[in-house]
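[1] Show me how the following folds:
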Amino acid sequence: MSELPLFLVHSVLFPNGRFRLRVFEKRYMDMVTHCLKHETPFGVCLIRAGHEVGEAAQPSSVGTTANLDEYDMPQTGILHISVRGGERFRVLDTRVLADQLITGETALLPEEPHVDLGPTHEDLRELLAKILNQVDGRYYYPPVRLDDASWVAYRVAELLPVSNDCRQQVLEQPDPRRKLDILARQIKSRETRTN
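    Numbers count the residues shown, from 1 in each chain. Purely as a prediction, here's the structure:
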């Protein structure tokens, strides 16, 4: 178990995902400065209840560690950062500091095994391959692993317009192929509603 400062947002960071954040609140500026100075990660969690700005929100129970990759301050008081998703963790307990920053007592979840997609989700692999041919590397970190069920699930969840609830389910699901099942159901449901 370890304590992590938590950055709560209305989005989901996945392992090996690239994520951009705009930082302007003092609590998060101080947190990012500390993490830069000490070369330590922070946690990113989807907001379960509350708002990104102001009083502390409530985090979802599973998040991802974030390692600072790039940062820039285009104007005073606004910091743009890019992070790389690290390991998944479970939030066991939280504490709200005086500045409304939340820290979480966390436990890392087991590393996900490499599992082949299998024939059931070949369509998702093909769809992702087409998307990756159209976007540049700003959206993911190499190497491309189209034979890894978790990697494919995470990239599909990042790049397609699925709900944050769906993304969170994908993050929390321990079985790599079931991650793909969740996405396939969401995509099919969206297609049914639009037809």
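[2] Listing partners with orientation, what would you give for the strand ranked longest in the chain?
    Ranked by number of residues, the top strand in the chain under DSSP state E is strand 78-96. Using DSSP bridges, the strands paired with strand 78-96 are strand 18-23 (antiparallel), strand 62-75 (antiparallel), strand 102-108 (antiparallel).
[3] Nearest approach to residue 91 belongs to which of the ones you listed?
    strand 102-108 (4.4 Å; Cβ to Cβ). For glycine as for every other residue, the C-beta is placed from the backbone atoms N, C-alpha and C.
[4] after the closest one, next one along is what?
    Later in the chain than strand 102-108, the nearest helix or strand by DSSP states H and E is helix 122-134.
[5] what separates that following helix from the chain centre, distance-wise?
    Averaged C-alpha coordinates place helix 122-134 at 20 Å from its chain's average position (Cα atoms, centre = their mean, to the nearest Å).
[6] which strands and helices sit next to it?
    helix 149-159, helix 176-194 (3 or more Cβ pairs under 8 Å, 6 or more residues apart in numbering; DSSP states H and E).
[7] Comparing those helices, which stretch has the densest surroundings?
    Comparing those by mean neighbour count (mean count of other Cβ atoms under 10 Å), helix 149-159 ranks first with a mean of 24.
[8] chain center to the helix or strand following it: distance?
    Using DSSP H and E, the helix or strand that follows helix 149-159 towards the C-terminus is helix 164-172. When distances are taken as Cα atoms, centre = their mean, helix 164-172 is centred 9 Å away from the chain's centroid.
[9] For helix 164-172, which outside residues touch it?
    With Cβ atoms under 8 Å, 6 or more residues apart in numbering as the test, helix 164-172 has contacts from 10-12, 14, 46, 60-64, 88, 153-154, 157-158, 179, 182-183, 186.
[10] Across the sheet, point out what pairs with residue 103.
    Under the criterion used (DSSP bridges), residue 103 bridges to residue 5, residue 95.
[11] got the contact list for it?
    Per Cβ under 8 Å, 6+ apart, neighbours of residue 103: 3-6, 94-95, 97.
[12] now, which of those residues sits nearest residue 143?
    Comparing the contacts of residue 103 against residue 143 with Cβ to Cβ places residue 4 closest, at 27.3 Å.
[13] count of residues packed around that closest one?
    Applying other Cβ atoms under 10 Å, we find 22 residues neighbouring residue 4.
[14] which stretches of the chain have low pLDDT?
    1, 50-55, 137, 190-195 (pLDDT under 70).
[15] any idea how it splits into domains?
    For the chain, automatic domain parsing gives the domain ranges 2-108, 119-194.
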